[in-house]
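# sequence plus the predicted model coming up.
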Amino acid sequence: MAQTTLSGSSTTGKKERTTAEMLAEKQQSISISEFFTKNRHLLGFDNPRKALLTTVKEAVDNSLDACQEMKVLPEIRVILDETAPERYKITVEDNGPGIVKQQIPNIFAKLLYGSKFHRLRQSRGQQGIGISAAALYGQLTTGKPIRIISKIGPKQKAHYYELHLNTKTNEPEITIDEEREWEGKDHGTKVQIELEGKYQQGKLSVDEFLQLTAISNPEATIIYKAPGAEAIEFARASKDLPGEAREIQPHPYGVELGTLMRMLRDTKAPSLQSFLQQDFCRVSASVAKEICDKAELEERLKPSAISRDQVEKIFNAIKQVKIMAPPTDCLSPIGEEQMLKGLKKEINAEFYAAVTRPPVVYRGFPFQLEVAIAYGGDLPKDEFARVIRYANRVPLQHQPGACALTRSIIQTAWKNYGVSQSKGTLPTGPLVVMVHMASVWVPFTSESKEAVASYPEIIKEVRLALQDAGRKLASYIRKTVKAREQQERVGLFEKYIPELAGALATLTGENKKELQEELEKILKKGLKDLLAESKEAEKEEITSEGVAYGEKQKGLDNE
Amino acid sequence: MSKDDSKKALKELGSKIVHQVKKGKNPEIEFPLRNLSNIVYDKKSKTLKLGQKTGTRSFFNVAHSKKFLQTVEVASVIKEKLLDSGKHSSLRDVFYMVKKTIPGTKVNLVDDQTESDKAIEDLEVMTGISREEMHVNANKNGSVAGKVIIEDRGDTIDWSKLGSGGWSIPSNVEEITFKKVDAKYVLYMEKAAVWERLNEDKYWQKNDAIILASQGQTTRGIRRLLQRLYEEYNLPIYVCCDGDIYGAYIYSVIKYGSIALSHASERLTIPSVRYIGITMDDIEKYDLKKHFITLDEKDYARIKQVSEYEWFKDNKDWQRQFKMMKEFKAKVEIQALSARGISFISEEYLPKKIKNKEFLD
């Protein structure tokens, strides 16, 4: 916009400058609230129902991240109070490390502030924009401040804040700042936001979110009180804390041009070469030199003095240099055992299986996929399988159709594993499929972070994991479900006997009761053989399925 | 075969099963297989017949149990509810008479009508008595007109005095008797619309003919009626269909029998029947090319199939017809003749063909 004005205006340099300055001033005065209103859909506040969910989600994600960092078993309380029609007070309390006093105002009442924004690390919230946006939404819809109480140690006093966000300056405005006693609490944070919202049960609800969160975080205890309901507890099912998600520096292959420019501007390194070595992973002195050579740039060049064209040269040079893949120990998958624990406590099924794939690297970003399935039991038999998706342990509840994780499930040939499936749809049966993608950088389809983009590598990894889990399921279905069905069918003979006896009696005038007794005798005598017969039939089924499966495997290898 | 014979045959089937049960054996029923592999074309009688292959169905077999039960249940319902009381009913009625949920299960004895229909066909094959003889009728379908007087359940019916609709042919024609038949031949047509044309033109009166039509597939009742007119009055039967492969197949079913009803061939087929048209030669002769309907892939596949039937394989005339169909790449409906005048079919086309004996065998 500024450029158009510059080239469009004609005569003197002086006049041009004035115009540009004026414009810049104007741009700055676009208020934060205006920005927010315009972009609320990107931030997850499109409607009152979603606003409520997003707020709970941001607060809970922060709490879980904080507990994970401190290596403490999370205990989280979520309370929704309806203060007026379509108006809710959301309270989220954790037992995390607490937040040092000075940081509280910035974290909760300044947009785009947060440590997560500038780092590459697998964490729940990816941009750190969430909680302050929720606070702002509450402020805009109810005028109420966000209330925070936080305590960092048993001997310290807690800090209590009430904050507004200055929508002109994007700076926190502190209305109350005081020290308080927080009895019975060693450390932790409690956040309270009042906002206009809509509480619903079922799909896309806070209830669903918390249940899904309980599944992916079995080490957490979550106590939840919905409006007008008794408090319920999603109990802890494991005392194993999630593995530490190590922070890594970006890998050169994964960096975008804009990011590269920003990094050059922000770096503390004195030269281009040291910048490459220090600010990226897997860049040795020789690799850094090679990049400089290919870019035809002096190694000692000062990063801040590098022009836009030169950045592009570096960007292109990176692609031509062979660089070792990034380390993958920065990832923290949920793990097979933990997924099973999570699923078992929330989903009542007969059979569970979990598969965690080894980490893979895509475009310089390490990622890892894992799936778990639950089958049978109380799950509905005639409905589509329930799919629960996660990115970095955070449930993805929206846009299932646009998500690569869902697509992979649809593309998997479930019939091979004894589950029925129509073409191009999810499998049908008493089945829950959980898919988790762990990555320092999850490629979402849009800013709202609701669906994973369909990169072939992701689809492939999900498929491989599903095939592995599917095989386990298939063997279970064959062994138990089929055997039980056979048993049931044999049981049917008993029910058929009176019918046959009746029909024969009508047809021939013989005595029904006698016939029935004779038939029952035959059944009793032959029961073993009959069962053996059905076992035989089952065996045949297994072999034929085995063949079909083998063929399928071959087909995949050819792809 | 009388009602009592039918009852006896069904009872015998039941007694055989009871006998096995009393001996402590897993009860079995044996029946001729009715799939394609067991259907043979008998060159001598020129009809499709069931072959020698048989299958057994046993009660204590997971795969057979329900079908076994269905067969016996249908037999008992037919005996008790129809034959014993002397009443007739439709296939649909039989379905409802046997339809129920087996106590203590979620299993329905029959889930849809095809299952009870199949059981009836099985009984026909096993006992040799026809569905009509078991008092089970299909939907009636088709009309007839001509100088014929019949008696049906005590009513006297004159086929020449039934106006525009004609006599509607019941599915069971076993119990009608002919009182007077004044005709030189029978003309059967594929399409009801053509029949209505001929009836309005009083074709049957002017040509001493019996005209008969169904819509589409020729039902058992119609086939049996044609056969009786041929056998009891020695009337020649001519068939008039669309000029396409489906017309040829309708003719083939009347003449040689069908795969589904091969077990009933003896009572349904008429080897002496002749095909009158539309032939591929008619297309040139009556200038019908402008009414062509282009063949699609399905049509070609069907031509290939039908032309390879054993009874058509060595028939030079028909092979020539099939070849021409493929060459024309098109088919023609009977109604195309109307382009030459609405009564062209009744005043010229048919009388001329019959006079000149222009038939296909």
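Ah, there it is. Numbering: from 1, shown residues only, chains lettered A, B, ... in the order given.
# ok, A:Val255 touching A:Met263?
Yes - look at A:Val255 against A:Met263 with C-beta atoms under 8 Å: they come within range, at 7.4 Å. Any C-beta I mention is one placed from the backbone N, CA and C, and that applies to glycine too.
# wait, A:Val321 sits on A:Lys289?
No - applying C-beta under 8 Å as the test, A:Val321 and A:Lys289 come out as separate, 9.7 Å apart.
# ok, these two, which is more surrounded?
Neighbour count, other C-beta atoms under 10 Å in any protein chain shown: between A:Val321 and A:Lys289, A:Val321 has more, with 19 against 16.
# any idea how far A:Pro252 is from the closest residue to that one other than its chain neighbours?
Nearest non-adjacent residue to A:Val321, counting by C-beta to C-beta, 6 or more residues apart in numbering or on different chains: A:Glu290, 4.9 Å away. Counting by C-beta to C-beta, to the nearest Å, the gap from A:Glu290 to A:Pro252 is 11 Å.
# what sits in contact with each of the two?
A:Val321 (C-beta atoms under 8 Å, 6 or more residues apart in numbering or on different chains).
# tell me which of those two has more neighbours.
Neighbours per residue, other C-beta under 10 Å: of A:Glu290 and A:Pro252, the larger number sits with A:Pro252, 25 against 19.
# local confidence estimate at that one?
pLDDT for A:Pro252: 91.
# if I pick it, what's in contact with it?
A:Pro252 neighbours (C-beta under 8 Å, 6+ apart): A:Leu276, A:Phe280, A:Arg282, A:Val283, A:Ile291, A:Ile318, A:Val321, A:Ile323, A:Gly364.
# residue contacts, the closest residue to the last one other than its chain neighbours?
Right, the one you point to is A:Gly364. Distances taken as C-beta to C-beta, 6+ apart put A:Gly254 closest to A:Gly364, at 2.7 Å, once the chain neighbours are dropped. Counting by C-beta under 8 Å, 6+ apart, A:Gly254 makes contact with A:Pro326, A:Arg363, A:Gly364, A:Phe365, A:Trp441.
# redo that, cut-off 6 Å
A:Arg363, A:Gly364, A:Phe365 (C-beta atoms under 6 Å, 6 or more residues apart in numbering or on different chains).
# mind checking which of the residues you listed land in strands?
A:Phe365 (DSSP state E).
# which one of the residues in the stretch 251-400 of chain A is closest to chain B?
In the stretch 251-400 of chain A, the residue that lies nearest chain B is A:Lys381 (12.6 Å; C-beta to the nearest C-beta).
# correction: chain A
Closest residue of chain A to chain B, C-beta to the nearest C-beta: A:Leu507 (3.4 Å).
# enumerate every residue touching whichever residue of chain B sits closest to chain A.
Going by C-beta to the nearest C-beta, chain A is nearest to B:Gly14 of chain B, at 3.4 Å. Counting by C-beta under 6 Å, 6+ apart, B:Gly14 makes contact with A:Leu504, A:Leu507, A:Thr508.
# next one: A:Ala354
When the contact criterion is C-beta under 6 Å, 6+ apart, the partners of A:Ala354 are A:Glu336, A:Met339, A:Leu340, A:Ala372.
# do A:Ile458 as well
A:Ile458 makes contact with A:Ala404 under the criterion C-beta under 6 Å, 6+ apart.
# host element of it?
For A:Ile458, the host element (DSSP states H and E) is helix A:456-476.
# tell me which residues in that helix are buried?
Under the neighbour-count criterion of 16 or more other C-beta atoms under 10 Å in any protein chain shown, helix A:456-476 has A:458-470, A:472-474, A:476 buried.
# can you check stretch A:186-193 too?
Going by neighbour count (16+ other C-beta under 10 Å), the buried part of stretch A:186-193 is A:His187, A:Gly188, A:Thr189, A:Lys190, A:Val191, A:Gln192, A:Ile193.
# if I pick the residue lying closest to the last one once chain neighbours are set aside, what's in contact with it?
Yep, that's A:Ile193 we're talking about. Of all residues not flanking A:Ile193 in the chain, A:Gly138 sits nearest, at 4.3 Å (C-beta to C-beta, 6+ apart). Neighbouring residues of A:Gly138 by C-beta under 6 Å, 6+ apart: A:Ile193, A:Glu194, A:Leu195.
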